[in-house]
Every structure is written in C-alpha cells, then in structure tokens.
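Enquirer: Mind looking at a prediction? Sequence and model below.
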Amino acid sequence: MSEQYVLAIDQGTTSTRAIVFDHAGSIVSTGQLEHEQIFPRAGWVEHNPREIWDNTREVIGQALSKANLTRHDIAAAGITNQRETAVVWDRRTGEPVYNAIVWQDTRTQSIADELAAEGGVDRFKDKVGLPLATYFSGTKIKWILDNVEGARARAEAGDLLFGNTDAWLIWNLTGGVDGGVHVTDVTNASRTLFMDLKTLSWDQEILDVFGVPATMLPEIKSSSEVYAEVHTSQLLREVPIAGILGDQQAATFGQAAFAKGEAKNTYGTGCFLIFNTGEEIVHSKNGLLTTVGYKLGEGEPHYALEGSIAVAGSLVQWLRDNLGLIRTAPEVEELARSVKDNGGVYIVPAFSGLFAPYWRADARGAIVGLTRYANKGHIARAALEATAFQTREVLDAVNRDSGVPLRELKVDGGMVANDALMQFQADILGVDVVRPKVIETTALGAAYAAGLAVGFWGDLGELSANWDEDMRWSPQLDHSERDRLMRQWTKAVTKSMDWVDADVR
C-alpha cells in the first residue's frame with residue numbers, strides 16, 4: 001500500500017486553501033485562492049458562497065496535482081473554517097438566498113440591542129457562553145429571515161438551511177441537493193448563540209426568541225468522527241470527511257494545546273487567543289468568551305476561554321489597500337523598522353467596534369497622538385503594535401479569569417513571520433513568545449481531527465510528538481517602559497469609544 005496523507009480544507013476569511021499533510025504533520029502541498037471581499041455599505045461585510053464553493057473544488061485540485069496525488073492517496077479530509085460567517089441556502093436548489101454575512105459585519109447591532117432590551121447583553125450567556133453581539137451567527141440568520149423577501153416563509157416551510165461555511169462546504173461535498181449531509185461540529189455550533197454548552201444541543205427557547213426554525217440548523221456532531229464520504233462527482237470521491245473544527249479551535253488543536261492551562265494566539269485577519277480550561281466550563285468575569293475547544297468522538301468535550309480581537313492582519317491590509325502606504329503586506333515590517341519607536345502614535349483599529357475584553361459596538365477606529373514629527377514609519381509601527389497591545393489586554397483578562405498566569409505564548413498565523421511584531425509582542429507581554437516549525441496550525445488541526453477519526457494517527461500523544469519549536473522571542477523591554485506604553489494604549493482606546501450614535505451605524 002502506498003503512503004497515505006490527510007487533506008485539510010481551510011476556508012478562511014480572505015481565502016480558501018487545501019493543504020496535504022503527511023504523518024509527521026509536515027506540509028506536502030498547498031492550493032490557495034482568495035475570494036472577493038464585498039462591502040455593500042459601511043459596516044457590512046459579505047462573501048459569495050458560490051465563489052467559496054467553486055474555489056474549494058479548485059484548490060483541492062491544485063493541492064493534489066502539485067504533489068502528484070489522487071483521491072486514493074488521501075486517508076481522510078478535515079475542514080476548518082471562518083467561524084460565525086452565516087450562509088443560508090435552499091435545500092432543494094442549493095442556491096444561497098443571500099450572500100454570506102461575515103463575522104466582521106456589524107449591520108445586526110439593532111437586532112442585538114432589541115434582544116438585549118430584556119435581560120441585557122448577557123441574557124443568554126450562562127447557557128451559550130457568549131454576549132449578544134453582531135459577531136455571532138444568530139443575529140445574522142435573523143437579519144436574513146427578516147430582510148430577504150420570502151426567506152422567513154421558506155424557512156418556516158422547511159426549505160432553507162443554515163450553516164457556517166463548514167456546513168455549507170460539507171453539504172456540497174457530500175452531494176448537495178442529491179443527499180448532501182447537513183452537519184456541523186460543537187466548536188462551530190458554540191459560535192451561533194444557539195447551543196447550550198452543557199448539553200451540546202440547540203436550545204429551543206433561544207431559537208424561539210430569535211424566530212429561527214430549528215429545521216434550518218445542522219446536526220451537531222463531535223469534532224472528530226466520520227460524518228460522510230465525499231460525493232462521487234467530486235475529486236475526493238469516497239474519501240471520508242472526518243474532522244471539523246472552527247478555525248481558532250483548529251489552530252489550538254494544531255498547536256497541540258490539548259491540556260488544561262495551555263494556550264495559543266493566532267494572528268490572522270483578526271487575532272484570537274484561546275486558553276484551554278479542560279472539561280470545566282469557566283464563565284469569564286473579564287470580557288472573554290466561553291466556547292467549546294474540541295470534542296473527540298464519544299469523548300468528553302473540552303472547553304476554552306477565548307479573547308477575540310476583530311482586527312489584526314486586516315489593519316495591514318487596510319494600510320495597503322485603502323491608504324496605499326505599502327504595496328505588499330510584508331513591506332510593513334521594513335517600514336516599521338525605519339523608526340526607533342512609535343513616535344507617540346497609536347492606532348486603535350475598531351473598524352467593527354471593539355471585541356474582547358471591551359465589547360463596545362459604539363467604538364470606531366482612531367489614530368491618536370499625531371504630531372508634525374509623525375511619519376509613515378510611525379503609522380506602520382503603530383499598526384503592528386496595535387495587535388500586540390490588544391493581545392496583552394486579552395492575556396491579562398485570561399490571567400485574571402484563570403488565576404494561573406501564562407508563562408509563555410504559542411503563536412501561529414500569517415503575521416508570526418513578522419519578527420518585529422513578535423519581538424514587540426514578547427516585550428509588551430513580559431513572557432516568551434514561541435513559534436512552531438509548522439505555522440499553518442489551523443489546517444493542521446483539522447487534519448489531526450480527521451486523521452484521529454480514521455486511525456491515521458493513534459492518539460494525542462502522537463500528535464504532541466509532532467510539535468517542534470522553530471523560534472522563540474524573549475522580553476527585552478524595561479518593566480517601566482512596558483507599563484508606560486500600556487498606559488498610553490489604554491488612553492488611546494478610550495478615544496475610540498462613544499463614537500457611534502443611534503442614527504450613525
């Protein structure tokens with residue numbers, strides 16, 4: 001028998017990738033395509049689900065052909081995805097009724113406010129671990145049902161399905177209108193506002209409040225089991241789909257942070273710190289989310305605290321695409337290194353309001369501390385530092401909630417290639433920052449979940465043995481200077497608040 005591999009589909013916010021991994025957890029080949037970012041108006045962010053599905057098929061072909069592999073070489077496929085991004089489609093035609101509403105979208109603030117009028121923003125938090133916010137899928141589904149002509153009637157007739165992009169892709173991969181399987185996993189379900197963390201099932205009472213028919217929702221499964229085989233019309237036909245993890249949980253899994261007290265931070269479009277709390281549900285008192293970390297087959301679920309930062313890498317994209325300050329994203333590091341410090345400039349990238357630990361929908365982006373001395377180098381440096389400052393705030397919240405200070409931070413995602421950012425991150429945290437050799441940990445986590453389900457890997461110990469350190473940054477900043485910078489950052493954050501009035505969304 002020839003050597004076998006596992007393929008991961010990583011459906012992200014800006015692109016879709018297919019990555020083939022070998023038994024050592026090393027990358028064999030990759031296919032990748034970006035998809036359009038659609039901004040119909042301020043605060044609205046959409047994707048075309050059809051484009052994402054078309055791209056998924058193409059990147060699978062790219063990854064297989066680059067490694068000269070066929071479906072017979074693939075033991076299993078796993079899926080990881082941008083969480084909270086909501087797709088609603090017709091089960092009979094397979095056509096989306098509206099574009100996917102992306103997790104960054106803020107159009108549903110009035111819905112969140114209306115639902116919070118009774119019981120406040122934490123109305124359902126004891127059950128679902130989440131505050132009422134535009135971030136999560138639930139308000140997006142309600143918006144589609146309320147605003148797309150005929151959608152509510154079709155949903156109540158049982159004709160419409162909802163899913164985050166994991167469920168959308170699996171339904172299409174397994175046949176679509178011809179018997180497609182409608183499933184999701186516990187990590188994605190925990191980001192909807194609808195799943196009870198204790199029972200791991202949809203909560204009918206909450207669905208009734210939102211006015212969302214239960215028939216729309218996918219069946220909730222574990223993160224690692226065989227859900228179905230790929231349909232005969234696809235490149236991976238008869239390959240089992242055996243792993244699903246939301247992108248941040250997948251990155252945590254790929255970092256081998258399986259045990260209570262372990263954590264990672266992913267630097268992508270946004271920035272997401274996840275702290276494993278084991279089999280215990282810990283409700284944050286400091287602005288963090290309670291979520292499901294993973295569930296393997298019939299095993300007990302593992303939970304986590306999460307600090308979600310809306311804007312990280314997308315701030316660099318903004319400097320490139322909206323301001324023309326750089327031509328390519330990697331140029332930001334060179335520009336930032338052209339100055340010795342931030343020159344007193346701070347950027348608070350509250351483009352979609354402030355997420356953890358503030359949860360302030362009324363905030364908007366701000367650049368403060370400008371003088372005639374400031375130049376584009378200071379702007380670039382402030383953009384990178386904004387990600388590190390936000391991570392420090394989230395880590396401080398994790399330390400307060402857990403009572404166990406984190407000793408080092410495992411990092412992954414596209415921005416960890418930026419040495420200047422990683423060094424400043426260690427400086428402002430006061431702890432070591434550690435990058436693994438395989439930084440594509442999101443896709444790797446999905447591959448691990450799928451491989452475990454089919455016996456490609458035997459157990460978590462085998463996966464932990466694959467993890468290997470590539471680079472470590474240690475703090476070099478004086479304690480008093482660290483405190484001064486954080487004090488200035490905190491002051492800058494307050495300047496972004498109370499910006500949105502009721503008539504300006």
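Expert: Everything's here; your move.
Enquirer: residue contacts, residue 376?
Expert: 325, 335 (C-beta atoms under 8 Å, 6 or more residues apart in numbering). C-beta: built from backbone N, CA, C; applies to glycine.
Enquirer: Please repeat the previous calculation with a cut-off of 10 Å.
Expert: Contacts for residue 376 (C-beta atoms under 10 Å, 6 or more residues apart in numbering) come out as 319, 323, 325-326, 335-336, 338-339.
Enquirer: Among those, which are located in helices?
Expert: The members of these that map onto helices under DSSP state H are 319, 335-336.
Enquirer: Looking at those residues, which is nearest residue 459?
Expert: Comparing the ones in helices among the contacts of residue 376 against residue 459 with C-beta to C-beta places residue 336 closest, at 42.8 Å.
Enquirer: Considering the ones in helices among the contacts of residue 376, which possesses the most neighbours?
Expert: Counting neighbours by other C-beta atoms under 10 Å, residue 336 leads those with 23 neighbours.
Enquirer: Tell me the spacing between it and residue 421.
Expert: Going from residue 336 to residue 421 by C-beta to C-beta, to the nearest Å gives 8 Å.
Enquirer: same deal with residue 67?
Expert: 32 Å.
Enquirer: Compare neighbour counts for those two and give me the winner.
Expert: Of the pair residue 67 and residue 421, residue 421 is the one with more neighbours under other C-beta under 10 Å, namely 26 against 18.
Enquirer: Dump the helix or strand that contains the more buried one to CSV, keeping only the CA atoms.
Expert: Here residue 421, judged by DSSP states H and E, is contained in helix 419-429. Provided in CSV are the C-alpha atoms of helix 419-429 (Å, rounded to 0.1, in the frame of the first residue of the first chain):
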residue,chain,number,x,y,z
ASP,A,419,9.9,39.3,13.6
ALA,A,420,9.5,42.9,14.6
LEU,A,421,5.9,42.2,15.7
MET,A,422,6.8,39.0,17.6
GLN,A,423,9.6,40.7,19.5
PHE,A,424,7.4,43.6,20.5
GLN,A,425,4.7,41.1,21.5
ALA,A,426,7.2,39.4,23.9
ASP,A,427,8.3,42.8,25.1
ILE,A,428,4.7,44.1,25.9
LEU,A,429,3.6,40.7,27.4
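Enquirer: Let's test this: mean pLDDT of it, rounded?
Expert: Helix 419-429 carries an average pLDDT of 93.
Enquirer: looking at it, residue 137 is touching residue 163, isn't it?
Expert: Yes. Applying C-beta atoms under 10 Å, one finds residue 137 in contact with residue 163, separated by 8.9 Å.
Enquirer: Give the intersection of the neighbour lists for these two.
Expert: Common neighbours of residue 137 and residue 163 (C-beta under 10 Å, 6+ apart) are 85-87, 188, 192.
Enquirer: Give me the buried subset of the residues you listed.
Expert: 85-87, 188, 192 (16 or more other C-beta atoms under 10 Å).
Enquirer: which intervals of the protein have sub-threshold pLDDT?
Expert: 1-2, 502-505 (pLDDT under 70).
Enquirer: if I pick residue 294, what's in contact with it?
Expert: Here residue 294 is in contact with 185-187, 222-224, 243, 245-246, 249-250, 252-253, 258, 276, 301-304, 445, 448-449 (C-beta under 10 Å, 6+ apart).
Enquirer: returning to that earlier point: any residues in contact with both of residue 336 and residue 421?
Expert: In contact with both residue 336 and residue 421: 381, 383-385, using C-beta under 10 Å, 6+ apart.
Enquirer: Select from these every entry located in helices.
Expert: Per DSSP H, the shared contacts of residue 336 and residue 421 map to helices at 381, 383-385.
Enquirer: Out of those, flag the one nearest to residue 297.
Expert: Nearest member of these to residue 297, counting by C-beta to C-beta, is residue 384, at 40.9 Å.
Enquirer: burial measure for residue 325, as a count.
Expert: 18.
Enquirer: Which is the succeeding secondary structure element to the helix or strand containing residue 9?
Expert: Residue 9 belongs to strand 5-11 when assigned by DSSP H and E. Per DSSP H and E, strand 5-11 leads on to strand 15-21 as the next helix or strand towards the C-terminus.
Enquirer: got the buried residues for that next one?
Expert: 16-21.
Enquirer: Closest to residue 153 out of the residues you listed?
Expert: Taking the buried residues of strand 15-21 together and measuring to residue 153 by C-beta to C-beta, the closest member is residue 16, at 32.3 Å.
Enquirer: bridging residues for the closest one?
Expert: Beta-bridge pairing for residue 16 (DSSP bridges): residue 11, residue 33.
Enquirer: cool, residue 101 as well?
Expert: residue 46, residue 86.
Enquirer: quick one: contacts for it?
Expert: By C-beta under 10 Å, 6+ apart, residue 101 lies in contact with 44-47, 84-88, 107-108, 134, 137, 139-141, 143-144.
Enquirer: Same check on residue 416?
Expert: Residue 416 is in contact with 265-268, 410, 422, 425, 433-436, 439, 441, 470-471, 473, counting by C-beta under 10 Å, 6+ apart.
Enquirer: what do you get for residue 306?
Expert: Counting by C-beta under 10 Å, 6+ apart, residue 306 has contacts 129-130, 190-191, 248-249, 252, 263, 272-275, 284, 288-291, 293, 356, 394, 398.
Enquirer: Skipping adjacent residues, who's closest to it in space?
Expert: Residue nearest to residue 306 in three dimensions, not counting chain neighbours: residue 289, with 4.5 Å by C-beta to C-beta, 6 or more residues apart in numbering.
Enquirer: The one you found - how many residues pack around it?
Expert: So residue 289, with other C-beta under 10 Å, has 26 neighbours.
Enquirer: So it is in contact with residue 398, correct?
Expert: No. Residue 289 is beyond contact range of residue 398, at 11.2 Å (criterion: C-beta under 10 Å).
Enquirer: what is in contact with these two at once?
Expert: What both residue 289 and residue 398 touch, as defined by C-beta under 10 Å, 6+ apart, is the set 274, 305-307, 356.
Enquirer: Include distance to residue 490 when you put those residues into a markdown table, please.
Expert: Formatted as a markdown table, these follow (distance: C-beta to C-beta, whole Å):
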| residue | distance to residue 490 |
| --- | --- |
| 274 | 24 |
| 305 | 21 |
| 306 | 21 |
| 307 | 16 |
| 356 | 15 |
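Enquirer: and the residue sitting furthest away from the middle of the chain, backbone torsions?
Expert: In the chain, counting by C-alpha atoms, centre = their mean, residue 372 sits farthest out from the average C-alpha position, at 38.0 Å. Main-chain dihedrals, residue 372, degrees, to the nearest 10: phi -70, psi -20.
Enquirer: what does residue 495 give?
Expert: Recorded main-chain torsions at residue 495 are phi -70, psi -20, according to degrees, to the nearest 10.
Enquirer: Next: residue 283.
Expert: Dihedral angles (degrees, to the nearest 10) for residue 283: phi -90, psi 120.
Enquirer: How many neighbouring residues does it have?
Expert: 14.
Enquirer: before we move on, the earlier item: quick one: which of the contacts of residue 294 sit in strands?
Expert: Among the contacts of residue 294, the members found in strands (DSSP state E) are 185, 224, 243, 245-246, 276, 302-304.
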